[in-house]
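Student: okay, sequence plus prediction incoming.
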Amino acid sequence: MYRHLLVPTDGSALSRRAVVHAIAWARRFGSRITFFHAEHEAPVPFDGAGVVINPHALQEAQDRLDAAAHDSLAEADALAYEAGLQADSVVTITNKPWEGIIRCAERLGCDLIVMASHGRSGAAALLLGSETQKVLTHSRIPVLVHR
């Protein structure tokens with residue numbers, strides 16, 4: 001069966017359900033589990049002349065993004081611990097989460113990616129895009145989608 005699961009999480013309720021599902025899977029089959037969070041780069045506040053308006057604002061924004069990433073991973077780690085599992089966690093800063101997920105899974109030798117999908121369809125899926133869909137389209141590693 002699958003030996004090492006990569007489980008992307010963004011801290012949402014839907015993502016949390018995928019985490020719980022992955023933990024149950026890992027317990028049942030004795031798999032390793034790594035939680036992953038793709039942290040966006042903080043936007044740089046420029047004025048019209050291309051000058052940074054507040055040099056501290058960038059660091060403050062990055063600090064908030066870091067805290068959110070670590071909070072969502074800490075929650076996933078706590079759920080794994082409660083289930084008797086030890087999990088690893090990875091944060092990658094990228095504006096293309098789907099690429100970060102695939103690169104991380106390949107680098108760690110994961111043989112299954114377990115992730116949530118919001119199940120958007122039609123115009124919403126087209127406009128918002130779907131990180132899950134992009135992972136499904138580009139990954140050579142199997143993907144289990146939890147909805």
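Tutor: Happy to help now that I have it.
Student: distance between stretch 1-16 and the chain's centre?
Tutor: 7 Å (CA atoms, centre = their mean, to the nearest Å).
Student: which outside residues touch that stretch?
Tutor: 18-19, 22, 25-26, 29, 31-38, 68, 71-73, 75-76, 79, 97, 101, 104-105, 108-118, 131, 141-142, 147 (CB atoms under 8 Å, 6 or more residues apart in numbering). C-beta here means a position set from N, CA and C on the backbone, and glycine is covered the same way.
Student: out of those residues, list just those in helices.
Tutor: 18-19, 22, 25-26, 29, 68, 71-73, 75-76, 79, 97, 101, 104-105, 108, 131 (DSSP state H).
Student: out of these, which are buried?
Tutor: Listed as buried from the ones in helices among the contacts of stretch 1-16 are 18-19, 22, 25-26, 72-73, 75-76, 79, 97, 101, 104-105, 131; burial here means 16 or more other CB atoms under 10 Å.
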